[in-house]
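In: 3D model of this:
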Amino acid sequence: MRILFMGTPDFAVASLRRLVEDGHEICGVFTQPDKPKNRGHKVAFSPVKEYALSRELPVYQPVKLRDGSALTLVQELAPELIVVAAYGKILPEDILNVPPYGSINVHASLLPRYRGAAPVNRAIMGGESVTGITIMYMAKELDAGDMLLQSQTAIDPEETAAALMARLAHIGAQALHDALCALQKGTAVRTPQQHHEATYAPMLSREESPIDWTRPAQAIRNQVRGLIPWPCACTVLGGQTVKVYQTAPGEATDAAPGTVLSGGKRGIEISCGDGMSLFITELQPEGGKRMTADAYLAGHSIETRHA
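Out: The predicted structure is shown next:
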């Protein structure tokens, strides 16, 4: 099948790679414009662009999609199908409607739950035990199109958003393969979403980083897991803000929420709002490296209730 692929981050690379390995004709790859990265502000290619160039696929990076130039380009490329995976731009209807097979999306949730930009993070932060991939037709409304296929997977209680996203990338690639096989055989079934059951997964922001210790311990653990790799949960220890990367369940306590109870090999124990404590086991101080709580305590003094 002649396919125009649109994607940007690592998550999308697995789907593009599978399309190439399955022998589809990739007539073009759309990805986000190059951006300065890290402190040196050196311009970096997106993971999708890097892979596409390694396979000598034609890469396009339109800044705008609604000025007519992108539509003209898509029409000239004449794809039979558009496949989108975490592209990062909203496609206008005139582009979606160009291919005879339409446009489909590899979405990292079990729709209609978690429509939007951060479905993996929001599923973990919401305490979900199950998520998955939905292959769906794209429509004018965000992530609201008819579904072609869903693939479900359990969320490990210790799994971070970064780890789950990496797993879902491969699940998504297999689901895309299965959906395209059904399309080509003419056996694909369109299933409308139950729109009244829809929930939304808006983009993450730095404002969600600070830990509110009045919340239940499990909710805080979910926050920590769900905000990795960005923007990361954070808290203040000894007057210094630290990023929190890993936690472990603690014990019952009658201390006020936010009280630093102890610090040792198990981690830094802090009381939460549900009468339970939580151990911070891995963290990163400002200007420092990611380290275990034990290593942090070797170089930082903190005041604890049981000191």
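In: care to break this structure down by domain?
Out: With domains defined by automatic domain parsing, the chain comprises 2-197, 206-299.
In: for Arg305, which of the ones you listed is the nearest?
Out: The minimum distance between Arg305 and those falls on domain 206-299, with 5.2 Å, by Cβ to Cβ. Where C-beta positions appear, they are placed from N, C-alpha and C, glycine not excepted.
In: start and end of the closest one, how far apart?
Out: Terminal residues of domain 206-299 are spaced 27 Å apart (Cα to Cα, to the nearest Å).
In: quick one: mean pLDDT over that domain.
Out: For domain 206-299, mean pLDDT is 97.
In: follow-up on the earlier one: reformat the domains of the chain as a markdown table; add distance to Arg305 and mean neighbour count.
Out: Formatted as a markdown table, the domains of the chain follow (distance: least, Cβ to Cβ, whole Å; neighbours: other Cβ atoms under 10 Å):
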| stretch | distance to Arg305 | mean neighbour count |
| --- | --- | --- |
| domain 2-197 | 27 | 18 |
| domain 206-299 | 5 | 18 |
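In: identify the residue nearest the geometric centre of this protein.
Out: Computing the C-alpha centroid of the chain and ranking residues by Cα atoms, centre = their mean puts Val120 first, at 4.7 Å.
In: hang on, isn't that one packed against Ala163?
Out: No. Under the criterion of Cβ atoms under 8 Å, Val120 is not in contact with Ala163, lying 9.8 Å apart.
In: tabulate the CA atom coordinates of the host helix or strand of Val29 in CSV.
Out: Using DSSP states H and E, Val29 falls within strand 25-30. C-alpha atoms of strand 25-30 as CSV (Å, rounded to 0.1, in the frame of the first residue of the first chain):
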residue,chain,number,x,y,z
GLU,A,25,5.6,2.0,-0.2
ILE,A,26,6.3,5.0,2.0
CYS,A,27,5.7,8.0,-0.3
GLY,A,28,6.7,10.5,2.3
VAL,A,29,7.2,11.1,6.0
PHE,A,30,5.9,14.2,7.7
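In: by contact count, what packs against that strand?
Out: On a contact count with 3 or more Cβ pairs under 8 Å, 6 or more residues apart in numbering; DSSP states H and E, strand 25-30 meets strand 2-7, helix 10-21, helix 47-54, strand 59-60, helix 69-77.
In: try it again with 10 Å
Out: strand 2-7, helix 10-21, helix 47-54, strand 59-60, helix 69-77, strand 81-85 (3 or more Cβ pairs under 10 Å, 6 or more residues apart in numbering; DSSP states H and E).
In: make CSV out of those and add mean pLDDT and distance to Ala233.
Out: Output for the helices and strands packed on strand 25-30, formatted as CSV (pLDDT from 0 to 100; distance: least, Cβ to Cβ, whole Å):
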stretch, mean pLDDT, distance to Ala233
strand 2-7, 98, 28
helix 10-21, 98, 22
helix 47-54, 97, 25
strand 59-60, 98, 36
helix 69-77, 97, 38
strand 81-85, 98, 27
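In: quick check: which of these is nearest to Gln246?
Out: Among the helices and strands packed on strand 25-30, helix 10-21 comes nearest to Gln246, with 21.4 Å by Cβ to Cβ.
In: what angle do that closest one and strand 25-30 make?
Out: 160 degrees (axes from the mean of the first three to the mean of the last three Cα atoms, to 10 degrees).
In: now the helices for the stretch 151-300 of the chain?
Out: Under the criterion DSSP state H, counting those that start in this stretch, the stretch 151-300 of the chain contains helices at 161-185, 217-226, 293-299.
In: of these, which is nearest Ala255?
Out: For Ala255, the closest of those is helix 217-226, at 12.6 Å, according to Cβ to Cβ.
In: let's see the closest one as CSV, backbone CA atoms only.
Out: C-alpha atoms of helix 217-226 as CSV (Å, rounded to 0.1, in the frame of the first residue of the first chain):
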residue,chain,number,x,y,z
ALA,A,217,0.2,7.7,49.1
GLN,A,218,-0.8,5.7,46.1
ALA,A,219,-1.9,8.9,44.2
ILE,A,220,1.5,10.4,44.9
ARG,A,221,3.2,7.2,43.6
ASN,A,222,1.1,7.4,40.5
GLN,A,223,2.1,11.1,40.0
VAL,A,224,5.7,10.2,40.2
ARG,A,225,5.4,7.4,37.7
GLY,A,226,3.2,9.3,35.4
